[in-house]
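*Asks:* the following comprises the amino acid sequence and a computationally predicted model.
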Amino acid sequence: MSNALVIIPTFNEAENIVLMLEAIMNLPEHFSVLVVDDNSPDGTAALVEKCMKSYPDRIFMVKRAKKEGLGIAYISGFQWALQRAYSFIFEMDADFSHNPKDLSRLLAPLSANQTDMVVGSRYVKGIHVVNWPLMRILISYGASIYARIVTGIPIKDTTSGFVGYRREVLESLNFSKIQFVGYAFQIELKFKVWKKQFRFIEIPIIFTDRVRGDSKMNTSIISEAVFGIIGMKIRSFFNKNV
């Protein structure tokens, strides 16, 4: 069994998931993958099941009854991982906006015990995104700046969804206290890790907008991030046990 697990939440990713799983299986490091599928109507789960037959000890799946948000899907994956002996646990998207080859770069400092959390960052050295319209760049970059100002997190890409953790980090979190299910979930996790004084680093990545399938971004997800993190910061003053 691998000691590194990649959690990939999916909803209607039939066009991408097989290619992504094959790319991860072909990396020189021995990663396992957990797909958390929210009952995709396009047959994503059936494609994952076929891949599981080829890699029964490395590809796994949790099938959820319905789509409840990115945060809930990841928490389900984290809980699954912590019931097993994985040392390093990663978040990433299924749509190739995160380059699977960069998993090797994220794993290296974790396995060398140089950090507790590693963030694949679009903004640590300038702005590194490909094929995004200007408005989406402004929204994403602006959200990260806004989150840093409100929360004080010294992380350039607070909304990044390409993150690796040592298992001790996730074991320290009380998942029942996670407030957000959408865009702000990524900010909240980083905020909690920072407040608990775990080590973290950002590694520059190039983020490429999806070529296949539809984006899951919507206005309600953005508004959750804009208004929710103010409340999160205020609550942290009164509750030191984040």
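*Replies:* Arrived safely, thanks for sending.

*Asks:* from here on, contacts and neighbour counts on C-alpha atoms
*Replies:* Fine.

*Asks:* return the set of buried residues in stretch 149-156.
*Replies:* Applying a neighbour-count criterion of 16 or more other C-alpha atoms under 10 Å, the buried positions in stretch 149-156 are 150-151, 153, 155-156.

*Asks:* worst-scoring helix or strand of the chain, pLDDT-wise?
*Replies:* Taking mean pLDDT, DSSP states H and E as the measure, the chain has helix 219-238 as its least confident helix or strand, at a mean of 64.

*Asks:* just the element for Ile137, please.
*Replies:* helix 134-151 (DSSP states H and E).

*Asks:* repeat that for Val119.
*Replies:* When secondary structure is defined using DSSP H and E, the element that contains Val119 is strand 117-121.

*Asks:* identify the bridge partners of Val33.
*Replies:* Per DSSP bridges, the residues bridged to Val33 are Val6, Ile59.

*Asks:* where in the chain is pLDDT low?
*Replies:* Counting by pLDDT under 70, the chain contains low-confidence residues at 1, 131, 210-227, 230, 232-234, 237-238, 240-242.

*Asks:* what ranges does the chain have for its helices?
*Replies:* Along the chain, the stretches classed as helices by DSSP state H are 17-25, 44-54, 70-82, 102-111, 134-151, 167-171, 184-195, 219-238.

*Asks:* let me know which of those helices is tucked in deepest.
*Replies:* Burial among those, expressed as mean neighbours by mean count of other C-alpha atoms under 10 Å, is greatest for helix 184-195, which shows a mean of 22.

*Asks:* any idea how far Ile127 is from Gly142?
*Replies:* Ile127 is 12 Å from Gly142, where distance means C-alpha to C-alpha, to the nearest Å.

*Asks:* kindly report the same for Trp194.
*Replies:* Taking C-alpha to C-alpha as the measure, Trp194 and Gly142 are separated by 20 Å.

*Asks:* which phi and psi values does Asn3 adopt?
*Replies:* Its backbone dihedrals place Asn3 at phi -100, psi 10, with angles given as degrees, to the nearest 10.

*Asks:* now it: closest residue in space that isn't a chain neighbour?
*Replies:* Of all residues not flanking Asn3 in the chain, Tyr86 sits nearest, at 4.5 Å (C-alpha to C-alpha, 6 or more residues apart in numbering).
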